[in-house]
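Participant: Please find the sequence and the predicted model below.
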Amino acid sequence: MFQKILIANRGEIAVRIIRACKEMRIKTVAVHSTADSQSLHVRLADESVCIGPPSNKESYLNAPNIIAAAHITGAEAIHPGYGYLSEQSTFAEACEACHVTFIGPPAEVIEKMGDKASARETARTAGVPIVPGADGIIPNDQEALKVAQKVGYPVYIKATAGGGGTGIRRVDTDEELPTAFQMARAESEAAFGNPEVYIEKLIEAPRHIEAQVLADNFGHVIHLGVRECSVQNIRHKKLVEEAPASAIPQSLQNRIGEAAVRLAQKVGYRGAGTVEFLVNSRGEFYFMEMNTRLQVEHPVTELITGVDIVKEQIRIAFGEPLSVTQKQVMMNGHSIECRITSEDPENNYAPSAGKIESVHFPGGLGVRVESQIYSGYETPPFYDPMLAKLIVWAPDREQAIARMTRCLEEMEITGIPTNISLQKRIISNPFYRKGEVTTEFLARRVMENGF
Amino acid sequence: MFQKILIANRGEIAVRIIRACKEMRIKTVAVHSTADSQSLHVRLADESVCIGPPSNKESYLNAPNIIAAAHITGAEAIHPGYGYLSEQSTFAEACEACHVTFIGPPAEVIEKMGDKASARETARTAGVPIVPGADGIIPNDQEALKVAQKVGYPVYIKATAGGGGTGIRRVDTDEELPTAFQMARAESEAAFGNPEVYIEKLIEAPRHIEAQVLADNFGHVIHLGVRECSVQNIRHKKLVEEAPASAIPQSLQNRIGEAAVRLAQKVGYRGAGTVEFLVNSRGEFYFMEMNTRLQVEHPVTELITGVDIVKEQIRIAFGEPLSVTQKQVMMNGHSIECRITSEDPENNYAPSAGKIESVHFPGGLGVRVESQIYSGYETPPFYDPMLAKLIVWAPDREQAIARMTRCLEEMEITGIPTNISLQKRIISNPFYRKGEVTTEFLARRVMENGF
Amino acid sequence: MKESLIVEVERLVALVESHKISEITIRNDLTRVTVRKSPPGSSVQRSTELNAALPSTGADIVIAPVRAVSETEQASRYTITAPMVGIYHHAEPPVSIGSVIQKGQVVGVIETIKLMSDIISDRDGVLDEIHVEAGMPVEYGQPLFIMTEIPS
Amino acid sequence: MKESLIVEVERLVALVESHKISEITIRNDLTRVTVRKSPPGSSVQRSTELNAALPSTGADIVIAPVRAVSETEQASRYTITAPMVGIYHHAEPPVSIGSVIQKGQVVGVIETIKLMSDIISDRDGVLDEIHVEAGMPVEYGQPLFIMTEIPS
């Protein structure tokens, strides 16, 4: 096994990975910006290296300094966490060129799945349902009209270089299309330096369902079931995730999981990855994108399967086979995660930072906390506002909701504003409790009465 | 279901029970001494009643005030936790007389299993192996000699009214016996107001193995497997517990569990209880005693079975049947609990109290914390020194030990001395790691090199 | 000490100094700060007590009565608290504000599940305040009566 | 503030006052306390900084050099830090204590995986201290050289 791993990330996910390494008796190197010298990931790691000033670009996105940090500390592998360099194929390539193992899929797979059009094409050839639309880039107005009429309005015009909700434009009629097409190209050029767009049918009021996959170097590809991640804000940021996606039939969950495995096999995947789908009310599902990395919400899958996804990633990267077969994956109970952020409900949920006066995390049976904060910690203003992930497990969804309710009531963070009150509103919402959620749930069912 | 429950206890177990009630949407009443008004159980409960000054006798053992507190708050049931009034049959009787449900077994069962000689007799008639010895009270020297010679030295003379290690005397030869017998009677008279003693064969270097049972009002009695609790100090106080008892064969674990069920059936048990056994190196097991209450170490059983024992207790007391059958009880993985106490390693592990400057609990996958402490909490000097129970789950014992190791390294309590360093020594001890533990492990393998 | 707390205390002191207030107590789960005006002539005293520190869900601000209370008067005030948990009932005859209470006198009764227990004053005094009503549930140590002690 | 901390600070102040020491810094994960002797004539200053508060596993005690440093001298001191992560190598020719450094001069080199990058002084000055050796790994912001600036 690796002797030493560098964690090229910060916050709760760096802490999560360091804990896994400690349990595997692997030494850890934390990297940090000058703003993060007091951070928990720095305190918990065996060694730490300062890699730059506060700005992300000069520190956590500073590939040369991160690889140099691995070099001077003798770390044999780099775990990129999520975000930051985790989906930059050039970083994965640079690691390999410098003889440091990148804990993730091969660079060419990251690149292939990072481009929307090529990911869509790969899905199609793997027999994974894709949203009706053009199989590739739309060169001009005429072609756009033809495709839109074929798949039927409303449609989305999407930037091939886009992601996470950016570079998307809705069109409802033939009349709107030519202008929208030109504007989408212009925007895309401005935002991503690439004007290419494609057209997809808009799936109305979908659920966001995603499948967790694991693949090793020996051709084994499995899925660990699916997650329900429909509770999202208008910027498509997830707030609450669960596993399993118990509101949709088990047979549909299985078919989605199997489709994700087919796609991973087709693309020659390695490591942990997530295939995201839109599921409509008729139970039809459509490939959306593949995240070629660890996902924020991976813990809910861990709690129902007993599989430690981070340890699997490390073992796979070292060249070991998967520790479980598809048949051995058993699902037990229900898990829910709430993302606790320092987003201010009094200020339209704008991120805030400051000194955390005190923290009280809930404890007890079926409660898992993933967090980098502690009483007295000063959250830097430069980074993601996530303070903690509160994750519960219970034998069924109803009991999991009851447990999450008591945990949210017990949890207290003073000194900075948090979204705990919003999470309480979500978890107590009658539509949420019935499992009637789509990606429009938050805007329509929770926010409609104002902030 | 009950609308409101009073918790007649303090510390982590009161917090544990309150959390279970909240998840069941049952209102809670905390009782507290004047020294505990800032305690977490008081803060978390819906209501609280001060029941007396700091001394246990005038507060947490003050049955009239506790029942009056239930009365004035309208609580329909009392959960006694462990210790305190939990095994006082007169308290259970008083509750019933005052039309408050006692969450525990019937008073007569508490009484029957609380007397060592009658518990032993009950076990014998239930076909549960008992330690060879006299089947009852030894009236005089002659009888004592006869019994000791029959079972073979070394033997124990034990007070029938004793418990938890008190009122026990070892005898190795005929010559020592008469004096020891008289002294044991005198001591027992002084300590318990009852001179009656009995004689048992001393089981050499035994393991302490205990079975968790659950019984409802409908004749269903099940066990949730067995726990390994051999890591004890010289006062027979447990420090580390695990489930399952993986160092003994599965077939032996099953036979112990089944014996516990037979005993519970025989005595007409109701609620959650624990039957404690000594197991020798040849795999022979002997009934020791039954604890007719919730046990400190119940969480390790919960983590491998998924059964919430406190919720089961409450459901049973309300008259509901068990939520699982014996066949449905599945064991998964391995769980270990370390008791973190404010016992000072620099001062022969004497209990200490004081202000907790700061607390950092470990978190992450497979980590459960049960605790009443928080940063700034002043631990009162009047009560048990337990600060927290650190409980981990992992797929197997080796991984559970690795997880516990990283948790003990991560955990920090400042302001008062703790036994964290001792727990680290236990968990890293090579005999412990191999599972080679008996009740003499701590004294022989850990403490032999001094404190 | 947290800077914010120091600032808070300073503001409290200013408040006490500039107003006709003898004492302000701010209490939350984290902190209790009491600022009390000293007898005229002496400088302002500050007493702060940092308590057990769970995060608070809110703060109570208690402003004590404006009425100046001299040191000796303070010392002679005496509170009778509930000696047990139960339902309070009036004594027969009931005491009232201004009643002269004698040491050993029954000033009220607490009913527990099966028992009526007398609340007995262990000093002589005059009853100033009654903080309990008949039928009210009381907990151990709850203040029931405040009286001015009459030295015997 | 924790009583124990106040007591600690008082002892530090006494220590600084009674010895030929200009400054003591005690740092642990919980707290950093710096006690610095003021210029003669003025009273003793205390500067305490309560930092982020994870419990500490130990404390470093750093006692600064006894040499008195005047305010103006302090201000003209300048630290050259590592601009990137890598292995430090000497410049050619290497600088040494007492060297006069010119703005724009290469004072050292950092080797990252594939690249040698010059460390360049952006001021004129005289080199006072060297905190790095050839072959030593350095992190971003690590102090490498201290020089006394020569105003241009």
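Facilitator: That came through, no problem.

Participant: Can you confirm whether stretch A:194-214 lies near chain B?
Facilitator: No. Applying C-beta under 8 Å from any C-beta of the partner chain, one finds that stretch A:194-214 is not in contact with chain B, the shortest distance being 14.6 Å. C-beta: built from backbone N, CA, C; applies to glycine.

Participant: for that stretch, which positions count as buried?
Facilitator: A:195-203, A:206-214 (16 or more other C-beta atoms under 10 Å in any protein chain shown).

Participant: Shouldn't residue A:29 be within a helix?
Facilitator: No. Counting by DSSP: H, G, I helix; E, B strand; the rest coil, residue A:29 is not part of a helix but strand.

Participant: Now do the same contact list for it.
Facilitator: Contact partners of residue A:29, counting by C-beta atoms under 8 Å, 6 or more residues apart in numbering or on different chains, are A:4-7, A:45-49, A:69-70, A:73, A:75.

Participant: so of the buried residues of stretch A:194-214, which ones are in helices?
Facilitator: With helices taken from DSSP state H, there is no overlap with these.

Participant: Would you map the helices across chain C?
Facilitator: Assigned helices in chain C, in chain order: C:3-18, C:71-76 (criterion: DSSP H).

Participant: quick check: mean pLDDT across the last one?
Facilitator: It refers to helix C:71-76. Average pLDDT, helix C:71-76: 58.

Participant: mind listing the strands in chain C by residue range?
Facilitator: Taking DSSP state E as the test, the strands found in chain C are C:23-27, C:31-36, C:45-50, C:60-63, C:77-81, C:86-90, C:100-101, C:106-111, C:116-120, C:125-130, C:137-138, C:143-149.

Participant: just checking, which of the helices of chain C comes out with the lowest mean pLDDT?
Facilitator: By mean pLDDT, the lowest-scoring of these turns out to be helix C:3-18, with a mean of 50.

Participant: Now residue A:183: which helix or strand?
Facilitator: In the assignment (DSSP states H and E), residue A:183 maps to helix A:177-192.

Participant: chain center to that helix: distance?
Facilitator: Taking the mean of its C-alpha atoms, helix A:177-192 sits 27 Å from the chain's own mean (C-alpha atoms, centre = their mean, to the nearest Å).

Participant: can you list contacts of that helix?
Facilitator: Helix A:177-192 is contacted by residues A:138, A:141, A:144-145, A:148, A:157-162, A:166-167, A:169, A:171, A:194-197 when judged by C-beta under 8 Å, 6+ apart.

Participant: Show me what the helix or strand that contains residue A:118 is packed up against.
Facilitator: Secondary structure assignment for residue A:118, by DSSP H and E: helix A:116-125. With contacts defined as 3 or more C-beta pairs under 8 Å, 6 or more residues apart in numbering or on different chains; DSSP states H and E, the packing partners of helix A:116-125 are helix A:107-114, strand A:155-163, strand A:197-201, helix A:250-267, strand A:285-291.

Participant: which parts of it are buried?
Facilitator: By neighbour count, with 16+ other C-beta under 10 Å as the criterion, the buried positions of helix A:116-125 are A:116, A:117, A:119, A:120, A:122, A:123.

Participant: Does the fifth one touch residue A:267 like I think?
Facilitator: This means residue A:122. Yes. Checked against C-beta atoms under 8 Å, the pair residue A:122 and residue A:267 is within contact range at 5.4 Å.

Participant: Overlap in contacts, those two.
Facilitator: Jointly contacting residue A:122 and residue A:267 under the rule C-beta under 8 Å, 6+ apart are A:112, A:113.

Participant: Residue A:340 and residue A:385 touch, don't they?
Facilitator: No. With the criterion set as C-beta under 8 Å, residue A:340 and residue A:385 do not qualify as a contacting pair; they are 9.6 Å apart.

Participant: of the two, who's got more company?
Facilitator: A direct count of neighbours by other C-beta atoms under 10 Å in any protein chain shown for residue A:340 and residue A:385 places residue A:340 higher, at 26 against 21.

Participant: and the more buried one, which of the three is it?
Facilitator: What three-state DSSP gives for residue A:340 is strand.

Participant: OK, contacts around it?
Facilitator: When contacts are taken as C-beta under 8 Å, 6+ apart, residue A:340 is in contact with A:371, A:386, A:387, A:388, A:389, A:390, A:411, A:413, A:418, A:419, A:420, A:423.

Participant: How many residues are close by the fourth one?
Facilitator: Translated: residue A:388. Burial measure for residue A:388: 24 neighbouring residues, criterion other C-beta under 10 Å.

Participant: Now it: which helix or strand?
Facilitator: Taking DSSP H and E as the definition, residue A:388 sits inside strand A:386-394.

Participant: Check whether that strand comes near chain D.
Facilitator: No. Contact check for strand A:386-394 against chain D, using C-beta under 8 Å from any C-beta: none in range, with a minimum separation of 14.4 Å.

Participant: Contacts for that strand, please.
Facilitator: Where contact means C-beta under 8 Å, 6+ apart, the residues beyond strand A:386-394 that reach it are A:11-12, A:296, A:299-300, A:303-304, A:333-342, A:356, A:361-362, A:366-371, A:373, A:379, A:400, A:402-404, A:407-408, A:411, A:413, A:418, A:423.

Participant: Just the ones of the residues you listed in strands?
Facilitator: A:334-341, A:367-371, A:379, A:413.

Participant: tell me which of those is nearest to chain D?
Facilitator: Nearest to chain D, judged by C-beta to the nearest C-beta, of these is residue A:379 at 10.1 Å.

Participant: Tell me how far that closest one lies from residue B:101.
Facilitator: According to C-beta to C-beta, to the nearest Å, residue A:379 stands 47 Å off from residue B:101.

Participant: Could you check which of these two has the larger neighbour count?
Facilitator: When neighbours are counted by other C-beta under 10 Å, residue A:379 comes out ahead of the other of residue A:379 and residue B:101, with 23 against 20.

Participant: mind listing what the more buried one touches?
Facilitator: Per C-beta under 8 Å, 6+ apart, neighbours of residue A:379: A:342, A:353, A:354, A:355, A:356, A:373, A:385, A:387, A:416.

Participant: what is it paired to in the beta sheet?
Facilitator: Listed beta-bridge partners, residue A:379: residue A:354 (assigned using DSSP bridges).

Participant: coming back round to it: just the CA trace of the helix holding residue A:183, in CSV.
Facilitator: Coordinates of each C-alpha in helix A:177-192 appear next as CSV, following Å, rounded to 0.1, in the frame of the first residue of the first chain:
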residue,chain,number,x,y,z
LEU,A,177,-34.9,30.0,-31.2
PRO,A,178,-32.6,31.9,-33.6
THR,A,179,-31.9,34.7,-31.2
ALA,A,180,-31.5,32.4,-28.3
PHE,A,181,-29.1,30.2,-30.3
GLN,A,182,-26.9,33.2,-31.2
MET,A,183,-26.9,34.5,-27.7
ALA,A,184,-26.1,31.1,-26.2
ARG,A,185,-23.1,30.8,-28.5
ALA,A,186,-21.9,34.3,-27.6
GLU,A,187,-22.3,33.6,-23.9
SER,A,188,-20.6,30.3,-24.1
GLU,A,189,-17.7,31.9,-26.0
ALA,A,190,-17.4,34.6,-23.3
ALA,A,191,-17.7,32.2,-20.4
PHE,A,192,-15.7,29.2,-21.6
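
Participant: could you give the mean pLDDT of that helix?
Facilitator: 89.

Participant: cool, and stretch A:4-11?
Facilitator: Rounded to a whole number, the mean pLDDT of stretch A:4-11 is 98.

Participant: Low-confidence stretches in chain C?
Facilitator: Across chain C, the ranges flagged by pLDDT under 70 are C:1-75, C:152.

Participant: if I pick the spatially most central residue of chain A, what's in contact with it?
Facilitator: Taking C-alpha atoms, centre = their mean as the criterion, residue A:295 is the residue nearest the geometric centre of chain A, at 3.7 Å. The contact partners of residue A:295, by C-beta under 8 Å, 6+ apart, come to A:82, A:210, A:212, A:274.
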